[in-house]
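Q: give me coordinates for this.
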Amino acid sequence: MNVSQGINVNSIALTGLPSFVKDLNIKTEGGYQESEVLTLKADVWVLPFLNFYAIGGKLNGYSETTIKSASGKLFGLPIDIDNIDAPFRLDLDGYTYGAGTVIAGGYESFFALVDASYTKTNLTVIDGEIDSIVVSPRIGWDFSRNTDWPLRAWVGAQYQNIEQTLSGNVKDLPLGSLGDLALLDDARFTVNQSLANNWNSLVGAQYEFTPNWVLISELGFGQRKSFFITLDARF
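A: The predicted structure follows:
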C-alpha cells in the first residue's frame, strides 16, 4: 500500500541546548508524508457477518515540513529569526502490527461493510512510534450474482486517526544552514504530528480467479491519496 497525505506538525521540542539558549520556539509551515507498507494479514470469519484479523508488516517512508522561524533568548536577550526556510525531514522506517474487524451484510447483489483496525508502528531509524486507528465503510455491488463476471466493485470512505511522536538527534537532520550551528551538535528533537485531514474517498474492486484466489485493489483520492493491491488466498 502507498499513501501520500498532508500532516500537521503540532510541536517541535529541543533538548540538550547550551545553557545560554532559553525558551526556543520553532514555527513550521506545511507538512507532507509519504509511506509504503508491505503487510501480511490472517483473518477468519467467525460468523457470516463478522470477521477478525491480525496484521503485521514493514513500513518505509518519510515526513517533511519547513521551519519558517525561530524565537527565544540568547544570553538573556530576545532573538527572533524569520524566513529560515529550512527543511525538516524525518525518515520513517519500522515494523507494523495490529488487529481489526469487519462487519458485513448484504441483500441480493448489494453489500455493505465496515472495516475497523488499530495498528502500531515501532520505528527503527529514529526513536518513536505511530499509533493508527482506521475505519473504512464501503458499499458495493456483486456482479457475479447475475452475470458471468466474477467481479465485485465498491465505493466508500476512510477515516484515519494517527498520532506520531518522533525523536532523534538534530545533527542527523538535513537542516541546511542551520546544521552548521555548533550549539545544535548535542541537541535532540521531539516532534508531535498528526494528519491534516482525517477522511478521504475510496473506490475499489475485487476479481475472483477461483473461489480460493482473489485479487483486490483500491484507490483513495481527495486530501489523502492511496493505492493498494492484495492477493487473497482463502480456504
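Q: which stretches of this structure have low pLDDT?
A: 174-184 (pLDDT under 70).
Q: longest strand in it, by number of residues?
A: Longest strand of the chain, by residue count under DSSP state E: strand 21-47.
Q: immediately after that one, which helix or strand?
A: Downstream of strand 21-47, the next assigned helix or strand under DSSP states H and E is strand 50-74.
Q: how distant is that next one from the center of its chain?
A: 7 Å (C-alpha atoms, centre = their mean, to the nearest Å).
Q: can you give me the angle it makes with strand 21-47?
A: If you take axes from the mean of the first three to the mean of the last three C-alpha atoms, to 10 degrees, strand 50-74 sits at 180 degrees to strand 21-47.
Q: partner strands of strand 50-74, parallel or antiparallel?
A: strand 21-47 (antiparallel), strand 77-81 (antiparallel), strand 86-107 (antiparallel) (DSSP bridges).
Q: just the endpoints, please. Distance across stretch 204-222?
A: 15 Å (C-alpha to C-alpha, to the nearest Å).
Q: ok, and what's touching that stretch?
A: 3, 138, 144, 150-154, 156, 158, 197, 199-203, 226-235 (C-beta atoms under 8 Å, 6 or more residues apart in numbering). All C-beta spots, glycine's among them, are computed from the backbone N, C-alpha and C.
Q: buried set for it?
A: Gly204, Gln206, Glu208, Val214, Glu218, Gly220 (16 or more other C-beta atoms under 10 Å).
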